[in-house]
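In: Generate coordinates for the sequence data below:
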Amino acid sequence: MVFTPSEAHAKRPMAMNREVFLPFQHSPDVPRVLTRVRSTLLSASLQGIRRMGWEERYFRALPKELHEELQMLTAGVWLPLALAVSHYTACDNMGLTTAEIETMGKEVSLHTQKTFVGTVASVAMHAGVTPWTVLSHAQRVAGRVFDGADQCIYKLGPKDALVILVGCPLMRIPYFRTAFRGYYAALLGLFATTIYSRESLESRGEDSVSLRFSWV
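Out: Residues are numbered from 1 along each chain as shown. The predicted model follows:
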């Protein structure tokens, strides 16, 4: 069964006995919808595609009228959601395996968040930094590449988190949904020996995703 963001919000009683580690910034009943993405996100994705030797495969899947625009991306600017949809739809049509998509998500994560990661790593030299430290900055991390969408994080246990993202139409694309899990896992994995991740169906929606992470 598929839930809309408001229906997912209605499912929250299932999580009432859990600690809200990071609340939504806006009401999930009327989430702030993603409208733009930072060009850094698509640039990092394209770089990963080239490193993997998939460039020709990618451009065969991308509408020809968008080839020049994607090849000539300007760094550090906001791009319309429609262009991101076209990019990730082309990625989805490449027919990659789940493992390949997760690897791409991890590479893009470390590239787009390298400044943030460097800052946290520097703090880690002087204090105990854990995946919870990263999760406490989740909205800031998302804000570096997303204009819109919102997220909430539940603490299910000492090393167990549930991340819920709403208002993100890109989640309709299977490739992006899988890559996003890899994106998060890469950041958390910098401060844990092993990260376990899976998508939870608890609050799954067309424009939302629930991800369960645990670590040792």
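
In: By mean pLDDT, which helix or strand of the protein comes out lowest?
Out: Lowest by mean pLDDT, DSSP states H and E among the helices and strands of the chain is helix 5-10, with a mean of 38.

In: Next, the contact list for the residue nearest the centre of the chain, please.
Out: Closest residue to the average C-alpha location of the chain: residue 180 at 3.4 Å, with Cα atoms, centre = their mean. By Cβ atoms under 8 Å, 6 or more residues apart in numbering, the residues touching residue 180 are 105, 165, 170, 171, 209, 211. All C-beta atoms are positioned from the backbone trio N, CA, C, and that covers glycine.

In: does the second one really touch residue 146, like I thought?
Out: No. Shown here, residue 165 and residue 146 do not form a contact pair, counting by Cβ atoms under 8 Å, at 9.2 Å.

In: Among the two, which residue is more densely surrounded?
Out: Between residue 165 and residue 146, residue 165 has the larger neighbour count (other Cβ atoms under 10 Å), namely 28 against 24.

In: Who does the more buried one form a beta bridge with?
Out: residue 151, residue 209 (DSSP bridges).

In: Please report how far it lies from residue 180.
Out: Remark: distance between residue 165 and residue 180 (Cβ to Cβ, to the nearest Å) = 8 Å.

In: Overlap in contacts, these two.
Out: 171, 209, 211.

In: In JSON lines, list the residues you listed along with neighbour count, distance to residue 68 and pLDDT.
Out: As requested, those are exported to JSON lines (neighbours: other Cβ atoms under 10 Å; distance: Cβ to Cβ, whole Å; pLDDT from 0 to 100):
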{"residue": "171", "neighbour count": "20", "distance to residue 68": "28", "pLDDT": "97"}
{"residue": "209", "neighbour count": "24", "distance to residue 68": "32", "pLDDT": "95"}
{"residue": "211", "neighbour count": "21", "distance to residue 68": "35", "pLDDT": "96"}
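
In: nearest to residue 201, of the residues you listed?
Out: residue 209 (10.2 Å; Cβ to Cβ).

In: The closest one contacts residue 165, correct?
Out: Yes. The pair residue 209 / residue 165 is scored as a contact, 5.3 Å apart, by Cβ under 8 Å.

In: Please enumerate the strands of this structure.
Out: Ranges of strands in the chain, per DSSP state E, are 19-22, 36-38, 78-80, 146-147, 150-157, 160-166, 195-205, 208-215.

In: With distance to residue 134 as added columns, please give these in CSV.
Out: Listed next are the strands of the chain as CSV, based on distance: least, Cβ to Cβ, whole Å:
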stretch, distance to residue 134
strand 19-22, 11
strand 36-38, 19
strand 78-80, 24
strand 146-147, 16
strand 150-157, 10
strand 160-166, 10
strand 195-205, 11
strand 208-215, 10
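
In: Check those for me and report the most buried one.
Out: Most buried of those, by mean neighbour count (mean count of other Cβ atoms under 10 Å): strand 160-166, with a mean of 24.

In: helices or strands next to that one in the packing?
Out: The contact analysis (3 or more Cβ pairs under 8 Å, 6 or more residues apart in numbering; DSSP states H and E) places strand 160-166 against helix 5-10, helix 131-135, strand 150-157, strand 195-205, strand 208-215.

In: Among the ones you listed, which comes closest to residue 39?
Out: strand 150-157 (21.7 Å).

In: shaky segments in this protein?
Out: Applying pLDDT under 70 to the chain flags residues 1-17, 115-127.
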